[in-house]
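>>> What follows is a predicted protein model with its sequence.
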Amino acid sequence: MHTDYSRRNFVSALCRGLCLSSVGPWLVGCDERSDGASTSGEIRFNDLTGHEIILDRPAERIVDTVGSAAALAIAVHGSPSRLAGIHPFTRPMLEKSFISRIFPEVLQIPSDVVTGSYTANVERIARLNPDIVIHWGDYGEATATPLRNAGLTVASYRALPGSAEETLYAFAKMLGDMIGDNSRSNYLRKLGDQVRTHLSGALHAIPQEWRTRALIVTVTGSALSASGGDGHGTYSYHLYRAGGINVASALPDFSAVSSEQIANWNPDVVFVFNSEGASLERIYADPILSVTKAARARRVYVLPIGSHSWGSLGPEDPLVHTWMAELFYPERMDKSMRGRMKSAYERMFARRFTDGELDEVLLMSTNGQSNGYGRFAQT
């Protein structure tokens, strides 16, 4: 995710976690679609900057200029049918994700709605005739003004104060609000709350000095970047929900680092973000990184891509936290990961995943060479 990846570039490229599809059968009345959304009536809601949005009817055509909205939209809406345009950062993840196998039409959605990183292609967006456009509110009103001047309705996303989870849940709710159906966004919050309670109960007694010290690193050619931040950070909160500590907590968000810096931190576990060029050998074969505790103990793992890229914000975050916790504290955690995945995917996508498909998500052929990964093997 690189050379021109600023903090926001990385977040929206990563937040592309495609997601929670159908969560079960939905009753359909005279004013509902088969996906549970209302088909009539005015829609009112606030976006994440607090602006009130008014639509004449539930949104049928949505354009995402952020990068993360497309992922959550498929989760919250149950399919990609309402997406009229997506950010180009989203497409590579969709190509790797099993979402493109479940919904192959997702790869046909136009992805030329921005130029550069986040400059809206207003003329192209207008031709797509959207009911609403999702805009990155952290860039300010100046970037939304051209869209509004073109007569387009704009709803803004921004990171909220507090935890990354609250931003995720609020964003999911906004996406549900715009179609008049929050069934799936409510399920997403409930699932996250359940797993968080479970992990807190299993891991709360671990003293701070015994917590696993971990790092999420992204490889871009010869360059390395670390996911900085603490338990509230967009890039780092996963480590803390799993009971760990981010060795890069002092760094802002997504930061360039050297092999020497990582060796100085000497993490117990290293997660390699699943971007182009990601591999375990990048760590194991590096003359400097190979002497870290993580490398010497073979505790280096490539982060999977399920419905979204693990290590970014997305609907599978509860599974990500369970997976990390089992790797951090195998003696304290039961071997529940595959069962949790099967249950969650069936509920999310109304599809029963085979053991072979779970192997692909978990990257068993890649991560199987690392310490302790056999706990995720088929039984």
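Received it, and whenever you're ready, just let me know what you need.
>>> Adjacent strands (with direction) for the strand ranked longest in the chain?
Identified as the longest strand of the chain according to DSSP state E is strand 213-220. Strand pairing for strand 213-220, using DSSP bridges, gives strand 223-227 (antiparallel), strand 245-246 (parallel), strand 269-272 (parallel).
>>> Buried deepest among the ones you listed, which one?
Of all these, strand 269-272 has the most neighbours on average by mean count of other CB atoms under 10 Å, namely a mean of 26. Where C-beta positions appear, they are placed from N, C-alpha and C, glycine not excepted.
>>> which residues touch that strand?
Outside of strand 269-272, the residues within contact range by CB atoms under 8 Å, 6 or more residues apart in numbering are 212-219, 244, 262, 278-280, 282-283, 289, 292, 294-295, 299-303, 311, 324, 327-328.
>>> shouldn't G372 be in contact with Y329?
No - at 10.4 Å, G372 and Y329 do not qualify as touching, with contact defined as CB atoms under 8 Å.
>>> Those two - which one has more neighbours?
Comparing G372 with Y329 by other CB atoms under 10 Å, the one with more neighbours is Y329, at 19 against 16.
>>> That one: what's it in contact with?
Counted by CB under 8 Å, 6+ apart, Y329 has contacts 202-203, 206, 212, 243.
>>> Of those residues, keep whichever come out buried.
When those are checked for burial by 16 or more other CB atoms under 10 Å, the buried set is 203, 212, 243.
>>> Skip the chain neighbours and tell me the closest residue to the first one.
The reference is to L203. Leaving out its chain neighbours, the residue that sits closest to L203 by CB to CB, 6 or more residues apart in numbering is G243, at 3.8 Å.
>>> Got the phi and psi for the spatially closest residue to D286 that is not a sequence neighbour?
The shortest distance from D286 to any residue other than its chain neighbours is 6.0 Å, reached at S259 (CB to CB, 6+ apart). Dihedral angles of S259 (phi, psi; degrees, to the nearest 10) stand at phi -60, psi -40.
>>> thinking again about what came up before, now, the contacts of strand 269-272 that are in helices?
The members of those that map onto helices under DSSP state H are 262, 282-283, 294-295, 324, 327-328.
>>> min pLDDT across those residues, which one?
Of all these, R282 carries the smallest pLDDT score, 93.
>>> What's the local residue count around the closest residue to Y301 other than its chain neighbours?
Sequence neighbours aside, N367 is the residue nearest to Y301 in space, at 5.0 Å (criterion: CB to CB, 6+ apart). Applying other CB under 10 Å, we find 21 residues neighbouring N367.
>>> Surely N367 is in contact with L303?
No - the pair N367 / L303 is not scored as a contact, 9.4 Å apart, by CB under 8 Å.
>>> Outline the domain layout of the protein.
The domain map for the chain lists 7-185, 206-376, with the assignment taken from automatic domain parsing.
>>> ok now the longest one, how far from the chain's centre?
Put simply, domain 7-185 sits 14 Å off its chain's centre (CA atoms, centre = their mean, to the nearest Å).
>>> So what's the residue count around T145?
T145 - counted by other CB under 10 Å - has 11 other residues nearby.
>>> where exactly do the strands run in the chain?
43-46, 52-55, 62-64, 83-85, 114-115, 119-120, 132-136, 154-157, 213-220, 223-227, 245-246, 254-257, 269-272, 300-302.
>>> Who does T220 form a beta bridge with?
A223.
>>> in terms of contact, does it touch G277 like I think?
Yes - here T220 reaches G277: they are 6.8 Å apart, a contact under CB under 8 Å.
>>> Which one of these two is surrounded by more residues?
Set side by side, T220 and G277 show more neighbours around T220, with 17 against 12, by other CB under 10 Å.
>>> Report the buried members of the contacts of strand 269-272.
212-219, 244, 262, 278, 280, 282-283, 289, 292, 294-295, 299-303, 311, 324, 327-328.
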